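Peer 1: No letters, just coordinates:
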Ligand code: SF4
């Protein structure tokens with residue numbers, strides 16, 4: 001047993017990507033993750049390499065890696081419309097290979113973003129946004145508004161490391177220099193940290209935020225319509241006064257805003273409010289992103305195709321259309337005839353098509369994929385880059401080594417096999433690939 005300690009490791013347990021973790025190992029498994037929250041500690045322990053994992057399974061039977069890679073390439077190449085789907089836990093390097101593979105097979109590439117903060121991207125494209133890094137939040141923000149999110153449970157170190165509690169350059173007394181307001185449909189664990197909690201009626205975020213924009217502009221609002229949101233006009237005015245009085249205000253919003261009815265309208269209203277507050281003070285709005293590197297997936301897709309999720313490469317050039325090229329819609333219409341999933345494919349939606357699963361845990365229950373390939377876990381035994389929720393790239397410092405290849409290696413091997421076959425679209429023969 002070789003005891004080892006790796007300092008400044010990055011946790012990919014959630015979108016905070018905390019890079020101050022001290023990981024203790026016994027050479028085979030993670031034994032402690034100092035500074036990590038409970039979620040992060042569990043993440044490191046659960047993703048220690050499993051020596052009993054076979055390198056690959058075909059139809060649930062152990063198979064050689066070469067056979068699994070060859071079958072994966074055959075399935076994707078033979079499909080009319082294959083989907084490459086990313087759960088958001090792979091490195092940016094692997095995600096780049098996934099884009100190249102989608103292009104080579106003329107498929108669609110999408111990620112879990114389409115099921116969570118996809119509407120936030122649509123809102124950005126419609127309205128624009130004012131943003132900043134978490135470092136600026138820590139050093140400057142003196143007013144925090146959390147809307148439709150519960151960081152105490154989903155991002156346990158968000159308030160202690162980046163937002164509410166740490167001493168910053170212009171907030172040297174930490175918590176005492178900041179005001180925090182929470183707006184949500186129920187009083188969650190985060191409410192304990194808040195100076196003020198507002199319970200909003202479910203499904204009325206757009207109305208409340210739009211009323212705030214109107215009040216900010218000095219326009220009249222209908223008191224009865226505002227009352228339907230759970231706020232009074234006086235409460236909205238008082239909240240706006242606090243926001244305007246801040247030196248640097250931040251609104252963090254979660255799936256309560258983005259993944260509910262009219263999500264893009266809700267987030268668009270939040271972005272407009274933050275933008276217009278800049279006539280009075282500095283104010284920004286940031287989404288609370290989950291899954292360790294889902295932001296990386298969006299970033300890589302944007303660099304390579306110009307779009308963040310739901311991108312079809314079936315005509316040889318990128319096309320973007322949420323609702324058409326997004327996973328749940330593709331599955332519901334039965335449009336795809338093969339899928340490669342980075343991460344778990346246990347979701348029942350993939351039951352009807354031959355599926356290839358690449359990831360550190362092989363599905364044993366529910367929908368069993370045709371091909372399963374085990375890989376080293378991102379950040380625990382696989383190196384690379386991930387992006388934090390504020391888009392900042394963070395290097396990984398894996399504390400363990402694994403005999404298994406990385407997601408990037410496997411995608412690269414599948415891509416090489418696909419490229420040996422006839423090009424799916426004659427015009428692409430010999431052309432430079434996107435990634
Ligand atoms: S807050 Fe998120 S990134 Fe930070 S230690 Fe906890 S799970 Fe890991």
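Peer 2: Looks like it arrived, so ask away. Fair warning: this is a prediction, and the values are worked out from it, not measured in the lab.

Peer 1: Check the stretch 101-250 of the chain for the residue nearest the ligand and tell me.
Peer 2: Using Cβ to the nearest ligand atom, the closest approach of the stretch 101-250 of the chain to the ligand is made by residue 157 at 3.6 Å. Every residue, glycine included, has its C-beta placed from N, CA and C.

Peer 1: which residues sit in contact with that residue?
Peer 2: For residue 157, the set of contacting residues under the criterion of Cβ atoms under 8 Å, 6 or more residues apart in numbering consists of 16, 18, 37, 40.

Peer 1: Surely the third one and residue 156 touch.
Peer 2: Yes - Residue 37 lies in contact with residue 156 (Cβ atoms under 8 Å); the separation is 3.6 Å.

Peer 1: Tell me where the stretch 201-350 of the chain is predicted with low confidence.
Peer 2: By pLDDT under 70, the weakly predicted segments of the stretch 201-350 of the chain are 344-348.

Peer 1: show me where it has strands.
Peer 2: Counting by DSSP state E, counting those that start in this stretch, one finds strands in the stretch 201-350 of the chain at the ranges 248-253, 282-287, 311-312, 319-320, 338-342.

Peer 1: Let's have those strands in TSV, adding mean neighbour count and distance to the ligand.
Peer 2: As requested, these are exported to TSV (neighbours: other Cβ atoms under 10 Å; distance: least, Cβ to the nearest ligand atom, whole Å):
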stretch	mean neighbour count	distance to the ligand
strand 248-253	25	14
strand 282-287	23	15
strand 311-312	25	27
strand 319-320	16	29
strand 338-342	27	19
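
Peer 1: what would these look like in JSON lines with distance to residue 357?
Peer 2: Formatted as JSON lines, the strands of the stretch 201-350 of the chain follow (distance: least, Cβ to Cβ, whole Å):
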{"stretch": "strand 248-253", "distance to residue 357": "32"}
{"stretch": "strand 282-287", "distance to residue 357": "28"}
{"stretch": "strand 311-312", "distance to residue 357": "21"}
{"stretch": "strand 319-320", "distance to residue 357": "26"}
{"stretch": "strand 338-342", "distance to residue 357": "5"}
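
Peer 1: among the ones you listed, which is nearest residue 110?
Peer 2: Of all these, it is strand 311-312 that lies closest to residue 110, at 7.2 Å by Cβ to Cβ.

Peer 1: Counting by contacts, list what that closest one packs against.
Peer 2: The helices and strands touching strand 311-312, judged by 3 or more Cβ pairs under 8 Å, 6 or more residues apart in numbering; DSSP states H and E, are strand 108-111, strand 319-320.

Peer 1: Put together JSON lines for those, with distance to residue 424 on each row.
Peer 2: What follows is those, written out as JSON lines (distance: least, Cβ to Cβ, whole Å):
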{"stretch": "strand 108-111", "distance to residue 424": "13"}
{"stretch": "strand 319-320", "distance to residue 424": "16"}
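
Peer 1: hang on, residue 85 packs against residue 113?
Peer 2: No - contact between residue 85 and residue 113 fails when scored by Cβ under 8 Å: they sit 10.7 Å apart.

Peer 1: So for residue 4, what's the nearest residue that isn't a sequence neighbour?
Peer 2: In space, and not counting its chain neighbours, residue 4 is closest to residue 25: 5.1 Å by Cβ to Cβ, 6 or more residues apart in numbering.

Peer 1: where does residue 428 land on pLDDT?
Peer 2: As predicted, residue 428 sits at a pLDDT of 51.

Peer 1: Near the ligand, which residues of the stretch 51-200 of the chain are found?
Peer 2: The interface of the stretch 51-200 of the chain toward the ligand, taken as Cβ under 6 Å from any ligand atom, is made up of 155-157.

Peer 1: can I get the residues you listed in a markdown table with distance to residue 350, secondary structure and pLDDT?
Peer 2: Shown next, in a markdown table, are these (distance: Cβ to Cβ, whole Å; DSSP: H, G, I helix; E, B strand; the rest coil; pLDDT from 0 to 100):
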| residue | distance to residue 350 | secondary structure | pLDDT |
| --- | --- | --- | --- |
| 155 | 28 | coil | 97 |
| 156 | 31 | coil | 97 |
| 157 | 33 | coil | 98 |
